[in-house]
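# Sequence first, predicted coordinates after that:
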Amino acid sequence: MTFLHRICLLISLASALFGISEAQSLTQSSEEENPIKMICLMSFKAAMADAGKTPPEGMGQFTCKCFLDQVNAGASIGTAQSVCKVKAAAHYNL
């Protein structure tokens, strides 16, 4: 499993903990205090560490911001993950 797949899986699990409707309302909070983004970043760091990889500078922020933007725009969690996986891979030439 690639590290981007791990990130998506961990984001799904974190989102499921809050419940979809609550997770969507939590994505509306300020970026600095957003619990979903904090969980996303922690999951991202854990997935990278598990994969033994050092992410490019800003990749965690980029990926988690993309995820929140997608969900806030009405995308499902799965769609947001897929879109952001592709965007992160392209942005960071992975």
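Yep, that arrived. What you are looking at is a predicted structure, and each value in this text was computed from that prediction instead of being measured.

# what's downstream of the helix or strand of the chain with the lowest mean pLDDT, the next helix or strand?
When the helices and strands of the chain are scored by mean pLDDT, DSSP states H and E, helix 20-26 comes last with a mean of 47. Using DSSP states H and E, the next helix or strand after helix 20-26 towards the C-terminus is helix 35-51.

# C-alpha coordinates for the helix or strand following that next one, PDB please?
Next along the chain after helix 35-51, taking DSSP H and E as the criterion, comes helix 59-72. This file holds the C-alpha atoms of helix 59-72, laid out as PDB (Å, rounded to 0.1, in the frame of the first residue of the first chain):
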ATOM      1  CA  MET A  59       2.800  18.200   1.200                       C
ATOM      2  CA  GLY A  60       0.800  17.500   4.300                       C
ATOM      3  CA  GLN A  61      -0.700  21.000   4.300                       C
ATOM      4  CA  PHE A  62      -1.400  20.800   0.600                       C
ATOM      5  CA  THR A  63      -3.100  17.300   0.800                       C
ATOM      6  CA  CYS A  64      -5.200  18.200   3.900                       C
ATOM      7  CA  LYS A  65      -6.300  21.600   2.500                       C
ATOM      8  CA  CYS A  66      -7.300  19.900  -0.700                       C
ATOM      9  CA  PHE A  67      -9.300  17.300   1.200                       C
ATOM     10  CA  LEU A  68     -11.100  20.000   3.300                       C
ATOM     11  CA  ASP A  69     -11.800  22.100   0.200                       C
ATOM     12  CA  GLN A  70     -13.300  19.200  -1.600                       C
ATOM     13  CA  VAL A  71     -15.500  18.100   1.300                       C
ATOM     14  CA  ASN A  72     -16.600  21.700   1.800                       C
END
